[in-house]
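Using only what follows, build the 3D model:
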Amino acid sequence: MIESGAIKLGDKQAESKCALVYGQTNEPPGALARVGLTGLTVVEHFRDAEGQDVLLFIDNIFRFTQVSWLIVDAFETLHVLHVADGRQERITTTKKGSITSVQAIYVPADDLTDPAPATTFAHLDATRVVSSGIVRISELGIYPAVDPLDSTSRMLSPYILGEEHYNSARGVQKVLQNYKNLQDIIAILGMDELSEDDKLTVARARKIQRFLSQPFHVAEVFTGAPVKYVELKESITSFQLDPEAMVAARSHDRLLRTTVSNVQHR
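Numbering: from 1, shown residues only. Down below sits the predicted model:
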């Protein structure tokens, strides 16, 4: 951050555009609980006193929930999830400025219904779940290993994206869900026991998985995979193709090296 100019040292320290608040994991629960509260207070100062639009990164919000559990067990006081809700409610927009938060959340045993992460999910506009399920996406060599079925977004609405984009996204989710339902059968009996329609579903789902891979520019030096961007309109059109046309249009290798751009549809 020093090289990029976000943090400046010495006489120019006042020009820094970033503030960092750390907590050591070996500290007592009470001290760790104050780290999150301190960070929120700093952010609120930037928003309310300086009128800025602030980007808040939290890593890892689940640790604060764990710490709250320890404090509650010790003093038998307020329920821990109420404490977590109070922190999240402070991340909001006012007339003076706004706070946008990006939070890393550890999910115990990959259980998205666990009360601790589920309470946090309720406050988020979008979630990106990394590599969950029976067959982890990372094991397939697909990066970033984002699960499109468990990931959510409040923007996935026909009123925001438009009917074409929305229907295309829902169609992709349907194909991937059908493929997920077939994975146990494939693992036990193999592909030969599937019907022709199911085989076509599997073929298309695997194409979609690779189409959604996104080798970043920063990882090119490690993977050797060049970045290729695909416009949003072309992505939607590709997903609307019938399975045979999609299979013919892009091979597995080409799909795995393709990056889908994150262009918002207005």
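
what ranges do the helices span in the protein?
Assigned by DSSP state H, the helices in the chain fall at 29-48, 61-75, 80-89, 115-121, 158-161, 163-189, 196-211, 220-223, 232-240, 243-249, 252-256.

Generate a markdown table for the ones you listed, with mean neighbour count as supplementary columns.
(C-beta placed from N, C-alpha, C; glycine too.) Converted to a markdown table, those look like this (neighbours: other CB atoms under 10 Å):
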| stretch | mean neighbour count |
| --- | --- |
| helix 29-48 | 17 |
| helix 61-75 | 17 |
| helix 80-89 | 16 |
| helix 115-121 | 17 |
| helix 158-161 | 14 |
| helix 163-189 | 15 |
| helix 196-211 | 18 |
| helix 220-223 | 10 |
| helix 232-240 | 16 |
| helix 243-249 | 14 |
| helix 252-256 | 14 |
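
Tabulate the ones you listed (TSV), appending distance to P108 and mean pLDDT.
As requested, these are exported to TSV (distance: least, CB to CB, whole Å; pLDDT from 0 to 100):
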stretch	distance to P108	mean pLDDT
helix 29-48	18	88
helix 61-75	8	72
helix 80-89	14	66
helix 115-121	7	80
helix 158-161	32	92
helix 163-189	22	90
helix 196-211	26	88
helix 220-223	30	74
helix 232-240	34	84
helix 243-249	37	48
helix 252-256	31	45
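
need the ones you listed in JSON lines with distance to R136, can you?
Shown next, in JSON lines, are those (distance: least, CB to CB, whole Å):
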{"stretch": "helix 29-48", "distance to R136": "30"}
{"stretch": "helix 61-75", "distance to R136": "20"}
{"stretch": "helix 80-89", "distance to R136": "28"}
{"stretch": "helix 115-121", "distance to R136": "18"}
{"stretch": "helix 158-161", "distance to R136": "29"}
{"stretch": "helix 163-189", "distance to R136": "12"}
{"stretch": "helix 196-211", "distance to R136": "12"}
{"stretch": "helix 220-223", "distance to R136": "18"}
{"stretch": "helix 232-240", "distance to R136": "23"}
{"stretch": "helix 243-249", "distance to R136": "24"}
{"stretch": "helix 252-256", "distance to R136": "16"}
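
Can you tell me which of these is nearest to E15?
Smallest distance to E15 across the helices of the chain (CB to CB): 14.0 Å, for helix 29-48.

Now do the same contact list for A122.
For A122, the contact set (CB atoms under 8 Å, 6 or more residues apart in numbering) is empty.

where's it relative to N60, distance?
18 Å (CB to CB, to the nearest Å).

and what of V129?
Applying CB to CB to V129 and N60 gives a distance of 15 Å.

How about T25?
T25 is 10 Å from N60, by CB to CB.

In terms of neighbours, single out the busier of these two.
Counted by other CB atoms under 10 Å, T25 and N60 do not tie: N60 has more neighbours, with 12 against 7.

Surely that one is in contact with P108?
No - using CB atoms under 8 Å, N60 is not in contact with P108; the gap is 12.0 Å.

Can you tell me the centre-most residue of the chain?
In the chain, the C-alpha nearest the mean C-alpha coordinate belongs to R128, at 2.1 Å (CA atoms, centre = their mean).

And that residue, how close does it get to R87?
For R128, the distance to R87 - CB to CB - is 21 Å.

E163 and Q240, how far apart?
12 Å.
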